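K.L.:
this is the structure alone, sequence omitted:
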């Protein structure tokens, strides 16, 4: 369950909690707070103080004895750990309901992600812009990826189209794919894929509801 | 990490993989296949055969010695485990970009979920329908929940509005909240909340990309 081989191991569960900590630390910082205890963080996150301590220590968050974690310093280490201190240029393929919703989400810029282009094959979409992002034809993918030095692909195409598009992306040199299509992608070593499956969350909710 | 206290423990990770298995088994069933080996499932899912075996055995999937899992029987046990053999009536609060995208997602009916009403406060949205779902004013929440016997709330409101709406939902008797707002909700015991945080997936992708 951990993805680091050459450094101290940090679990995926810890990584998934980092954005939540980051949001809280941004708020604290905005209010001028310099230190926060793991007990206060526990109240805010509904996590155990020991979990929070371990998570933050794993990424090297600076702390002051008996006073808690340093707010500005912790923001800096989490941002650096995730690479969110720099904006990564990303693009989105598949401007359907979900794709359009992601284009409209303002939160990504705080998460190191700038969506600078979108792609679709639908004649009504190509040439227009959605939430300020220009939509190009999918046939233009390879050229625009290279020209704009794009790093991260967000895939919101139907399942049947996902592997074909992925092959094009890989050939164009893309190293990171955030996959929202309900299908497992085959990629060569060195290309990372993060799969999102909304039905996993629903399964968890339903199982909790049944066992209540 | 497991949510069952009174039955055999099933981990959250297993539960989150069940929809993926279900999709594959539906496909196999459509093609008339009666049995499938964990090796074949491993190829399809990119999971280890031993993980698949443990997951499916945990929910009681029927199998045939040396021939694999029974397709129809496995579908039945997973659907029953998740309660997806019956449609649960759900509603959505907050018809913004994400809310509208979820209303447009056809997959939910296969997942035991029927979204029958939506709520918003915006005068331009109230009274219209989005992807065939009627939008009511949020002030009508309590009355409609009771009248239509709604069970599951999908919360896609801004963070600042989420706790207030949650209090209304809890007072109206809602027992399950699928929370897409980036905030932790406080609910009384007996009410289950499933939190979705899109930035967790992005954090995972970025950490993988950095450690590549």
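P.N.:
Sure, I can see it. Given the structure is predicted, the values throughout are model-derived calculations rather than measurements.
K.L.:
please make it C-alpha for all contacts and neighbour counts, starting now.
P.N.:
Will do.
K.L.:
strands of chain A, start to end?
P.N.:
In chain A, the strands defined using DSSP state E lie at A:35-36, A:63-64, A:68-70, A:88-93, A:113-120, A:129-130, A:133-137, A:152-155, A:176-179, A:192-195.
K.L.:
show me how far the first one is from its chain's centre.
P.N.:
When you say that, I think you mean strand A:35-36. Between the centre of strand A:35-36 and the centre of its host chain there is 26 Å, according to CA atoms, centre = their mean, to the nearest Å.
K.L.:
ditto for the second one
P.N.:
Its chain's C-alpha centre lies 28 Å from the corresponding centre of strand A:63-64 when counted by CA atoms, centre = their mean.
K.L.:
so what strands line up beside it?
P.N.:
Neighbouring strands of strand A:63-64 in its sheet, by DSSP bridges, are strand A:68-70 (antiparallel).
K.L.:
what's the strand it pairs with in contact with?
P.N.:
Strand A:68-70 is touched from outside by A:34, A:35, A:36, A:37, A:38, A:61, A:62, A:63, A:64, with contacts defined as CA atoms under 8 Å, 6 or more residues apart in numbering or on different chains.
K.L.:
and these, which is closest to residue B:89?
P.N.:
Using CA to CA, residue A:38 is the member of those that lies nearest residue B:89, at 39.4 Å.
K.L.:
and the closest one, what does it touch?
P.N.:
If you count contacts by CA under 8 Å, 6+ apart, residue A:38 has them with A:49, A:50, A:52, A:53, A:68, A:69.
K.L.:
ChimeraX command for the buried members of those residues?
P.N.:
ChimeraX command restricting the contacts of residue A:38 to the buried ones, with burial defined by 16 or more other CA atoms under 10 Å in any protein chain shown:
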select /A:49,52,53,68,69
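K.L.:
redo the contacts of residue A:38 as TSV? Include pLDDT.
P.N.:
Shown next, in TSV, are the contacts of residue A:38 (pLDDT from 0 to 100):
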residue	pLDDT
A:49	94
A:50	95
A:52	97
A:53	96
A:68	94
A:69	97
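K.L.:
just name the closest of the contacts of residue A:38 to residue A:125, please.
P.N.:
residue A:52 (44.6 Å).
K.L.:
show the contacting residues for that closest one.
P.N.:
Each residue near residue A:52 by CA under 8 Å, 6+ apart is listed here: A:38, A:41, A:42.
K.L.:
quick check, pLDDT for the last one.
P.N.:
The pLDDT attached to residue A:42 in the predicted structure is 95.
K.L.:
kindly reformat the strands of chain A as a markdown table containing distance to residue B:165.
P.N.:
Listed next are the strands of chain A as a markdown table, based on distance: least, CA to CA, whole Å:
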| stretch | distance to residue B:165 |
| --- | --- |
| strand A:35-36 | 29 |
| strand A:63-64 | 36 |
| strand A:68-70 | 32 |
| strand A:88-93 | 32 |
| strand A:113-120 | 30 |
| strand A:129-130 | 30 |
| strand A:133-137 | 32 |
| strand A:152-155 | 31 |
| strand A:176-179 | 31 |
| strand A:192-195 | 30 |
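K.L.:
helices and strands around the lengthiest helix in chain A, which ones?
P.N.:
Ranked by residue count and defined by DSSP state H, the top helix of chain A is helix A:12-30. Using 3 or more CA pairs under 8 Å, 6 or more residues apart in numbering or on different chains; DSSP states H and E as the contact test, the elements touching helix A:12-30 are helix A:71-82, helix B:198-211.
K.L.:
of all those helices, which one is nearest residue B:161?
P.N.:
For residue B:161, the closest of the helices and strands packed on helix A:12-30 is helix B:198-211, at 18.5 Å, according to CA to CA.
K.L.:
buried sites along the closest one?
P.N.:
B:198, B:199, B:200, B:201, B:202, B:203, B:204, B:205, B:206, B:207, B:208, B:209.
K.L.:
repeat that for stretch A:182-198.
P.N.:
Under 16+ other CA under 10 Å, the buried positions of stretch A:182-198 are A:182-185, A:187, A:191-198.
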